[in-house]
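Q: Compute the structure for the input listed below.
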Amino acid sequence: MNESLRVPLCLVLLAALGCGDDTTPPVDDTTGSTTMAPTTGTSMPTGTVTLDTTQGPLDSSGDSSTTASGDAEIEVSVEAQPVPSGGSAELPDPVAVGAMGMVTITIDNVGGADLTIASVTLDTGDLASFVLDDGGLAPVVEAGGSTSVTVAFVPINGGRKSVGVTIASDDADEGDYAIALLGRTSPNTYRQLMPETSPSPRFNAGLTATDDGRVVLFGGRGADGIRLADTWVYDVDQNEWTDQLVVDAPSARDTHTLAYLGGGRVLLFGGNETNGPDETPLSDTWVFDLGTQAWTELLPATSPPARFQHAMTAVGEDLVLLQGGRVDFGVELADTWMFDATTEDWTDLAPPVDPGVRSAFTLSFDGVDTVAMVGGTVASSSLTDETWLYDVAANAWTMGALTSLGTQFNHAAAWLDGGLVVFAGKNDIFSEPVPGTAAYDADADAWVDLMPARAPASRFSHGAVAVGSDKALLFGGLLFNGGPGSATDELWEYVGP
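A: Residues are numbered from 1 along each chain as shown. The predicted structure is shown next:
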């Protein structure tokens with residue numbers, strides 16, 4: 001048996017139902033910032049599971065009318081629904097972080113001889129969010145008999161989760177029987193995270209997510225107005241920030257951009273070093289290596305002009321798209337560039353049509369072939385509610401539906417499983433930040449206001465990144481208009497619609 005994951009179910013129940021989530025503080029109505037405490041004392045009912053059998057047809061041995069008369073023959077079901085080896089079963093209901101859902105996996109011997117079960121293990125995927133109880137597992141199942149195990153889904157954080165289940169038996173025809181269990185936490189839900197250590201309060205920081213459950217942050221501007229040059233890495237599963245204490249780093253700046261290149265490398269471009277009216281836009285290109293914890297400045301043969309308040313997003317391994325930005329007050333850009341990490345060079349893509357000059361917008365990739373641009377400022381004072389879509393392969397921009405949140409800038413966005421999600425921001429230069437969480441469906445070219453039950457206080461100049469599956473993290477920003485003093489170090493998790 002898998003001793004590292006074998007926990008008596010009574011202990012799982014006690015832990016899940018008797019304890020709250022001490023990472024979530026109480027709601028503070030005086031600040032307008034709401035927090036998500038998990039729902040405890042509830043568990044997911046065991047009911048009909050949703051099956052995905054696209055990875056292979058059901059084994060014909062699952063037909064009870066054709067029970068074999070000779071060898072042992074294994075058949076597996078989840079909540080009484082047969083699941084083929086290589087298939088998956090999805091838990092029917094979402095589970096709140098801190099609560100628990102359970103499913104029963106039944107192993108039937110539909111053959112004509114005893115079936116020996118060597119082990120049942122959880123061996124791949126989100127192991128920290130699933131617990132196996134094999135206390136009732138029979139090592140030998142006689143012909144026509146069955147045995148079972150239970151698996152508890154106890155998510156340690158939000159999003160979609162999966163775990164691989166392997167059943168080793170002496171069924172000579174089958175070999176190891178492998179299925180996947182899929183679960184998700186409550187959708188359209190915010191939850192404040194409270195790591196023990198955190199970067200200082202800041203806004204206009206650079207933020208990007210890796211492909212292995214980490215988030216990289218660089219720089220920004222603190223509550224005292226001073227620009228920063230520190231590098232932090234956040235571990236999603238551990239809920240832990242680590243200061244990288246880099247010696248040779250890019251200069252202190254804000255309104256720059258980061259993007260993940262793959263292979264443990266993060267790209268940084270541009271930003272601003274000084275306050276207006278004499279801003280100092282930058283045009284340097286740097287790469288941070290997560291393995292060596294070192295920054296390296298690149299000297300590409302071709303480079304975009306200096307800028308800040310631009311946007312950048314990875315569009316596949318080694319490729320990053322950059323768009324627009326600002327050089328000075330009222331001087332904005334409309335160009336589209338691509339960085340290729342294999343050549344360490346930039347290319348001006350010069351698409352035949354572009355969205356026009358703008359800054360303080362968002363740029364997000366759907367993970368396939370489309371980048372979405374949302375909102376921003378035009379000439380540093382006029383605002384836009386436009387949505388533009390960029391086809392990476394065709395190097396072509398097309399305009400989509402206007403946003404449901406109205407004109408918006410200094411907001412944040414992340415493309416999740418349910419579509420592009422936009423978080424808060426400002427819709428007027430002189431007003432306070434506005435609330436709102438909205439999603440864009442690129443297939444339908446339509447926006448919808450998501451209206452979660454609770455949400456963080458309104459903010460702007462914050463960052464958002466997609467992490468894991470169907471989840472975003474929001475960090476930092478300004479809670480009020482009128483100076484840097486309202487900078488925050490809050491970290492929020494949002495699970496998609």
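
Q: Can you give me the end-to-end span of stretch 123-135?
A: Its first and final residues considered, stretch 123-135 spans 18 Å by C-alpha to C-alpha, to the nearest Å.

Q: Buried residues in that stretch, which are they?
A: For stretch 123-135, burial by neighbour count (16 or more other C-beta atoms under 10 Å) applies to Gly125, Asp126, Leu127, Ser129, Phe130, Val131, Leu132, Asp133, Asp134. No exception for glycine: its C-beta is placed from N, CA and C like everyone else's.

Q: and the two most separated of those residues?
A: Greatest spatial distance in those: Asp126 and Asp134, 18.8 Å, computed using C-beta to C-beta.

Q: Report the helix or strand with the lowest average pLDDT across this protein.
A: The helix or strand of the chain with the lowest confidence, counting by mean pLDDT, DSSP states H and E, is strand 43-44 at a mean of 36.

Q: Any figure for the gap between Asn272 and Asn395?
A: As defined by C-beta to C-beta, to the nearest Å, Asn272 lies at a distance of 28 Å from Asn395.

Q: Same check on Thr313?
A: Applying C-beta to C-beta to Thr313 and Asn395 gives a distance of 15 Å.

Q: So if I had to pick from the two, which one is more boxed in?
A: Neighbours per residue (other C-beta atoms under 10 Å) separate Thr313 from Asn395, with Thr313 holding more: 23 against 13.

Q: Contact partners for that one?
A: Residues in contact with Thr313 (C-beta atoms under 8 Å, 6 or more residues apart in numbering) are Ala259, Val320, Leu321, Leu363, Ser364, Phe365, Val371.

Q: What is the burial count for Gly419?
A: Around Gly419 there are 21 residues (other C-beta under 10 Å).

Q: hey, what's it bridged with?
A: Leu416 (DSSP bridges).

Q: Confirm for me that it is in contact with Ala442.
A: Yes. Under the criterion of C-beta atoms under 8 Å, Gly419 makes contact with Ala442 at 6.9 Å.

Q: so where's the stretch 151-300 of the chain uncertain?
A: Counting by pLDDT under 70, the stretch 151-300 of the chain has low-confidence residues at 276-277.

Q: Confirm for me that Leu228 is in contact with Arg202.
A: Yes. The pair Leu228 / Arg202 is scored as a contact, 6.3 Å apart, by C-beta under 8 Å.

Q: okay, and the common contacts of these two?
A: Common neighbours of Leu228 and Arg202 (C-beta under 8 Å, 6+ apart) are Gly220, Arg221, Gly222.

Q: Specify which member of these is nearest to Trp388.
A: The nearest member of the shared contacts of Leu228 and Arg202 to Trp388, counting by C-beta to C-beta, is Gly220 at 26.3 Å.

Q: In contact with that closest one, which residues?
A: Arg202, Phe203, Asn204, Ala205, Gly206, Arg227, Leu228, Asp254, Gly476.

Q: Phi first, then psi, for Ser303.
A: Dihedral angles of Ser303 (phi, psi; degrees, to the nearest 10) stand at phi -150, psi 150.

Q: so it touches Leu282, yeah?
A: No. Judged on C-beta under 8 Å, Ser303 makes no contact with Leu282 at a distance of 10.8 Å.

Q: For this structure, which segments are assigned as helices?
A: 9-18 (DSSP state H).

Q: domain parsing for it?
A: 3-184, 189-495 (automatic domain parsing).

Q: out of the contacts of Thr313, what pair is the most spread apart?
A: Using C-beta to C-beta, those span at most 12.9 Å, a distance reached by Val320 and Ser364.

Q: Determine which stretch of the domains of the chain is the most buried.
A: domain 189-495 (a mean of 19; mean count of other C-beta atoms under 10 Å).

Q: That one: end-to-end distance?
A: Domain 189-495: ends 5 Å apart by C-alpha to C-alpha.

Q: And stretch 465-476, by the same measure?
A: 12 Å.

Q: what is the mean pLDDT for that stretch?
A: Averaging pLDDT along stretch 465-476 gives 96.

Q: what's the distance between that stretch and the middle of its chain?
A: Averaged C-alpha coordinates place stretch 465-476 at 4 Å from its chain's average position (C-alpha atoms, centre = their mean, to the nearest Å).

Q: Ok, stretch 443-460 next?
A: With C-alpha atoms, centre = their mean, you get 16 Å for stretch 443-460.

Q: and it, C-alpha only, in CSV?
A: What follows is stretch 443-460 as a C-alpha-only set of coordinates in CSV (Å, rounded to 0.1, in the frame of the first residue of the first chain):
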residue,chain,number,x,y,z
ASP,A,443,-15.8,32.0,-29.2
ALA,A,444,-19.0,33.9,-28.6
ASP,A,445,-17.3,37.3,-28.7
ALA,A,446,-19.2,38.3,-25.6
TRP,A,447,-18.6,39.7,-22.1
VAL,A,448,-20.4,38.8,-18.9
ASP,A,449,-20.2,40.3,-15.4
LEU,A,450,-19.4,37.4,-13.1
MET,A,451,-20.6,39.1,-9.8
PRO,A,452,-18.9,36.8,-7.3
ALA,A,453,-20.4,36.7,-3.8
ARG,A,454,-17.4,38.3,-2.3
ALA,A,455,-14.4,40.1,-3.8
PRO,A,456,-11.3,42.0,-2.8
ALA,A,457,-11.5,45.8,-2.3
SER,A,458,-11.4,47.7,-5.5
ARG,A,459,-7.8,48.4,-6.6
PHE,A,460,-5.7,49.4,-9.6
